[in-house]
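K.L.:
Give me coordinates for this.
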Amino acid sequence: MRTIIFCVLMMACFLIRAQDKDQALLPTRQQLAWQETEFYLFVHFGPNTFTDKEWGEGTEPEDIFNPTQLDCRQWCRVAKAAGAKGIIITAKHHDGFCLWPSHYSTHTVRESKWKNGKGDVLKELSLACREAGLKFGVYISPWDRNHPDYGTEKYNDDFVGMMKEIFQNYGPIWELWWDGANGEGPNGKKQVYDWRRFENTVRQYSPKTVVFSDIGPDIRWVGNEDGIAGDPNWNFLDTAGFKRGLGAPPTDTLNHGNYHGKLWIPAECDVSIRPGWFYHVKDDDKIKTPNDLFELYLRSVGRGANLLLNVPPDRRGLINEKDSAVLGGFKKLRDESFANNLLKQADTYYEFSDKDFANKTFIIRGLDAATTTYAINLQNFVVQLPQPTKINCIVLREAIHLGQTIRQFSILLYNVNNIIREIHGTSVGRKRILSFPTATITSFRVYLKDASENDNISGVAAYLIDEKLVEH
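P.N.:
Presented below is the predicted three-dimensional model:
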């Protein structure tokens, strides 16, 4: 009888634990693929490129848009050389000018003198991205300072029509970027955006597209335009009661996410390589340096977010040589910094207590699927190096397809039996890059605290990077 009761109780516990796991907040397949893109380019291009404005008025004559050497393949070559995985273009900014000949606007490339009105930037870029193996994304602002029907229900119809054109004529669209700005149109009215209808349109016509906005539904704004994710950075967010634009969650919440959030909406960090978002010749000497970009990489990708770096084409329709050189330097820093994982010959052990280790080892030697042995349900583990080794960077990866379950961690660096440095943190996420002053170590221990007792570390690596690049 006792045996039967014991078995029933054990089964009940198993079912409860299984139910808890079933309720774990998980990313979709599209969100997982999006987070693996890590770094890609933003391209702000349009009438503002030729007027030296950041926000156009919507009254600019169409003929002002006239790039003399537009070459989207050159954009893709620069992106590939920088190690970027895709390009997102401002197909329609707040001025309402469409970089494709939309049937729902008379303020488009069709009305310009560029290519005698036969040009189509979206067509050229979508084809170039496909040829180069890059993902293609589109920014489309719902605010339109030119459209005569803005401020009426008919404009919602037209905006839906524009999105359908983009999906049907230039797809597949990898990411759709919604700006929440909502100002007055030419008639002095503001629009009541039908966001639910907009979302339904995306899901119907391009279900694999991930959608960015203040509150997702798939990707959230990080709360600043500095390219910096919060520490901690949770992939969870609560959106109930919030709206896009002025009704968005507080910027601090967007920066960090919600610890107990109800939705999986990871952060994207947008930042420009220049002071502004559009090209201005006066900014040619104010471009961020490769070191600046590397620091942003540590504070975005290195905190589990994605980095969206704006690189605006100039009036020729080319990415400027100065920007291209900086991107090349940025790629060189990343390649050199993360080329040699110092744990290739290390042994990694489960730790059951401070002094007792399992006889069986597991080995995690990389950060990608090709070189990583997944080690699920680790609580604590030790990495033992074959000889004293100088390091100043440790990278952790969490198996986020099982959720973001690690809520706190500590890393102790040892030289023989002496603790020489302690590193403490909270979130890990897809990738956590931790840099610190150079230390010579023989081993390190990782202690993990997990919300559901399943610590899903999927990769660990250590590097010796240039001391000037260490985050302070």
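K.L.:
separation between Lys262 and Leu25?
P.N.:
8 Å (C-beta to C-beta, to the nearest Å). Bear in mind the C-beta positions are built from the backbone N, C-alpha and C, glycine included.
K.L.:
joint contacts of these two?
P.N.:
Here Lys262 and Leu25 share the contacting residues Phe236, scored by C-beta atoms under 8 Å, 6 or more residues apart in numbering.
K.L.:
where along the stretch 301-450 of the chain do the helices fall?
P.N.:
All helices of the stretch 301-450 of the chain, identified by DSSP state H, counting those that start in this stretch, fall at 321-337.
K.L.:
let me fix that: the stretch 51-200 of the chain
P.N.:
With DSSP H, counting those that start in this stretch as the criterion, the stretch 51-200 of the chain has helices spanning 72-82, 121-132, 153-170, 195-205.
K.L.:
What residues does the residue lying closest to Lys115 once chain neighbours are set aside make contact with?
P.N.:
With C-beta to C-beta, 6 or more residues apart in numbering as the criterion, Lys115 has its nearest non-adjacent residue at 7.8 Å, and that residue is Val109. Val109 makes contact with 62, 65, 98-101, 115, 117, 119-121 under the criterion C-beta under 8 Å, 6+ apart.
K.L.:
can you pick the most crowded of those residues?
P.N.:
Comparing the contacts of Val109 by number of neighbours (other C-beta atoms under 10 Å), Cys98 comes first, having 29 neighbours.
K.L.:
On the strand side of things, show who it bridges to.
P.N.:
Beta-bridge partners of Cys98, counted by DSSP bridges, are Lys92, Thr108.
K.L.:
wait, isn't it in contact with Ser112?
P.N.:
No: counting by C-beta atoms under 8 Å, Cys98 stays clear of Ser112, with 10.4 Å between them.
K.L.:
I'd like to know how far Thr106 sits from Phe65.
P.N.:
Distance of Thr106 to Phe65, given as C-beta to C-beta: 14 Å.
K.L.:
Also Tyr447?
P.N.:
For Tyr447 relative to Phe65 (C-beta to C-beta), the value is 57 Å.
K.L.:
ditto for Gly56
P.N.:
Applying C-beta to C-beta to Gly56 and Phe65 gives a distance of 10 Å.
K.L.:
hey, what's in contact with both of the two?
P.N.:
Taking C-beta under 8 Å, 6+ apart as the contact rule, Gly56 and Phe65 both touch 46-47, 97.
K.L.:
spatially speaking, which residue is in the middle of this structure?
P.N.:
Residue closest to the average C-alpha location in the chain (C-alpha atoms, centre = their mean): Asn306, at 2.1 Å.
K.L.:
which residues does it contact?
P.N.:
Here Asn306 is in contact with 34-35, 37-40, 219, 266-269, 300 (C-beta under 8 Å, 6+ apart).
K.L.:
Neighbour count, distance to Val210 and secondary structure for the residues you listed - can I get that in JSON lines?
P.N.:
Below are the contacts of Asn306 laid out as JSON lines (neighbours: other C-beta atoms under 10 Å; distance: C-beta to C-beta, whole Å; DSSP: H, G, I helix; E, B strand; the rest coil):
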{"residue": "Trp34", "neighbour count": "25", "distance to Val210": "5", "secondary structure": "helix"}
{"residue": "Gln35", "neighbour count": "23", "distance to Val210": "10", "secondary structure": "helix"}
{"residue": "Thr37", "neighbour count": "19", "distance to Val210": "10", "secondary structure": "helix"}
{"residue": "Glu38", "neighbour count": "17", "distance to Val210": "14", "secondary structure": "coil"}
{"residue": "Phe39", "neighbour count": "22", "distance to Val210": "16", "secondary structure": "strand"}
{"residue": "Tyr40", "neighbour count": "24", "distance to Val210": "12", "secondary structure": "strand"}
{"residue": "Ile219", "neighbour count": "24", "distance to Val210": "6", "secondary structure": "strand"}
{"residue": "Pro266", "neighbour count": "29", "distance to Val210": "10", "secondary structure": "coil"}
{"residue": "Ala267", "neighbour count": "25", "distance to Val210": "13", "secondary structure": "strand"}
{"residue": "Glu268", "neighbour count": "25", "distance to Val210": "10", "secondary structure": "strand"}
{"residue": "Cys269", "neighbour count": "27", "distance to Val210": "15", "secondary structure": "strand"}
{"residue": "Ser300", "neighbour count": "28", "distance to Val210": "17", "secondary structure": "helix"}
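K.L.:
Looking at the residues you listed, spot the one nearest Gly171.
P.N.:
Taking C-beta to C-beta as the measure, Trp34 is the one of those closest to Gly171, at 16.1 Å.
K.L.:
which ones are touching that closest one?
P.N.:
Contacts of Trp34 (C-beta under 8 Å, 6+ apart): 174-175, 210, 218-219, 266, 306.
K.L.:
what pLDDT does it get?
P.N.:
Listed pLDDT for Trp34 reads 98.
K.L.:
can you check Gly46 too?
P.N.:
Value for Gly46, per-residue pLDDT: 98.
K.L.:
correct me, but it touches Gly96?
P.N.:
No: taking contacts as C-beta under 8 Å, Gly46 lies outside contact range of Gly96: 9.8 Å.
K.L.:
all strands of the stretch 101-250 of the chain, in order?
P.N.:
With DSSP state E, counting those that start in this stretch, the ranges of strands along the stretch 101-250 of the chain come out as 135-140, 175-177, 210-213, 219-221, 236-237.
K.L.:
got the shared contacts of Gly56 and Phe65 as CSV, with distance to Leu125 columns?
P.N.:
Shown next, in CSV, are these (distance: C-beta to C-beta, whole Å):
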residue, distance to Leu125
Gly46, 13
Pro47, 17
Phe97, 16
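K.L.:
Name the nearest residue to Phe444, ignoring sequence neighbours.
P.N.:
Nearest non-adjacent residue to Phe444, counting by C-beta to C-beta, 6+ apart: Leu413, 4.9 Å away.
K.L.:
give me the beta-bridge partners of the one you found?
P.N.:
Going by DSSP bridges, Leu413 forms beta bridges with Arg421, Phe444.
K.L.:
With Leu308 instead?
P.N.:
Leu308 has these beta-bridge partners by DSSP bridges: Tyr40, Asp270.
K.L.:
residues in contact with it?
P.N.:
Counting by C-beta under 8 Å, 6+ apart, Leu308 has contacts 40-42, 88, 268-271.
K.L.:
Go again with 6 Å.
P.N.:
42, 268, 270 (C-beta atoms under 6 Å, 6 or more residues apart in numbering).
K.L.:
pLDDT wise, what is it at?
P.N.:
So, for Leu308, pLDDT stands at 98.
K.L.:
repeat for Gln345
P.N.:
88.
K.L.:
ok, Val301 - contacts?
P.N.:
Counting by C-beta under 6 Å, 6+ apart, Val301 touches 38, 307.
K.L.:
now with 8 Å?
P.N.:
Counted by C-beta under 8 Å, 6+ apart, Val301 has contacts 38-39, 307, 431, 433.
K.L.:
and what of Thr90?
P.N.:
Thr90 neighbours (C-beta under 8 Å, 6+ apart): 42-46, 99, 139, 141.
K.L.:
right, and Val39 touches Val311 too?
P.N.:
Heads up, residue 39 is Phe, not Val. No: under the criterion of C-beta under 8 Å, Phe39 is not in contact with Val311, lying 11.7 Å apart.
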